[in-house]
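Novice: Got a sequence here, can you model it:
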Amino acid sequence: MDRERSFTARERLHKRRQYLEVYANGAKIQCPHFVLYALENDCGCHRLGITVSRKIGKAVVRNRIKRRLREIFRNNKPQSEATFDLVLNVRKSAARAAFEKLRTDFRDALGRLERARQLQGTP
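Specialist: Numbering: from 1, shown residues only. As a prediction, this is how the structure comes out:
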């Protein structure tokens with residue numbers, strides 16, 4: 001498997017405090033199917049955390065959404081030199097969304113994040 005396209009334990013957010021730090025200090029980008037929170041990190045790789053409320057659906061639905069979003073992240077990691085902690089808070093509409101629409105939203109959110117970084121003057 002191509003190492004750049006893998007999704008290892010190192011690329012996941014594991015602890016509650018990691019999520020809380022991203023929520024408190026990160027940028028917030030609203031999308032139709034999720035809200036993306038992003039905070040620059042210094043661990044050398046992009047890390048992903050996904051939250052899916054029980055309001056979204058039963059376990060089967062929630063797990064399918066998480067699998068889809070992990071796959072999208074794995075194949076569309078940000079290309080910037082800076083590395084980020086990303087948290088996706090899933091909205092109810094994601095349960096009915098097509099995979100392609102989720103991928104488009106994720107790419108758009110990353111583009112908005114990159115533009116916001118450039119406006120701040122961060123290389």
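
Novice: which residues in the chain form helices?
Specialist: 16-25, 59-75, 99-120 (DSSP state H).

Novice: can I get those helices in JSON lines with mean pLDDT?
Specialist: Formatted as JSON lines, the helices of the chain follow (pLDDT from 0 to 100):
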{"stretch": "helix 16-25", "mean pLDDT": "96"}
{"stretch": "helix 59-75", "mean pLDDT": "95"}
{"stretch": "helix 99-120", "mean pLDDT": "90"}
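
Novice: Pro32 is nearest to which of the ones you listed?
Specialist: With respect to Pro32, and counting by C-beta to C-beta, the nearest of the helices of the chain is helix 99-120 at 6.1 Å. Any C-beta I mention is one placed from the backbone N, CA and C, and that applies to glycine too.

Novice: what helices or strands is that closest one leaning on?
Specialist: strand 27-30, strand 34-41, helix 59-75 (3 or more C-beta pairs under 8 Å, 6 or more residues apart in numbering; DSSP states H and E).

Novice: For the second one, what is the distance to the chain centroid?
Specialist: Right, the one you point to is strand 34-41. 6 Å (C-alpha atoms, centre = their mean, to the nearest Å).

Novice: Relative to it, what are the paired strands and their orientations?
Specialist: strand 27-30 (antiparallel), strand 83-90 (antiparallel) (DSSP bridges).

Novice: Pick the most buried one from those.
Specialist: Mean neighbour count, computed with mean count of other C-beta atoms under 10 Å, is highest for strand 83-90 among the strands paired with strand 34-41, reaching a mean of 23.

Novice: and that strand with helix 59-75, angle?
Specialist: Strand 83-90 runs at 150 degrees relative to helix 59-75, counting by axes from the mean of the first three to the mean of the last three C-alpha atoms, to 10 degrees.

Novice: residues in contact with strand 83-90?
Specialist: 13, 18-19, 21-23, 26, 33-53, 56, 65, 69, 73, 78, 113 (C-beta atoms under 8 Å, 6 or more residues apart in numbering).

Novice: Show the pLDDT at Arg96.
Specialist: Listed pLDDT for Arg96 reads 95.
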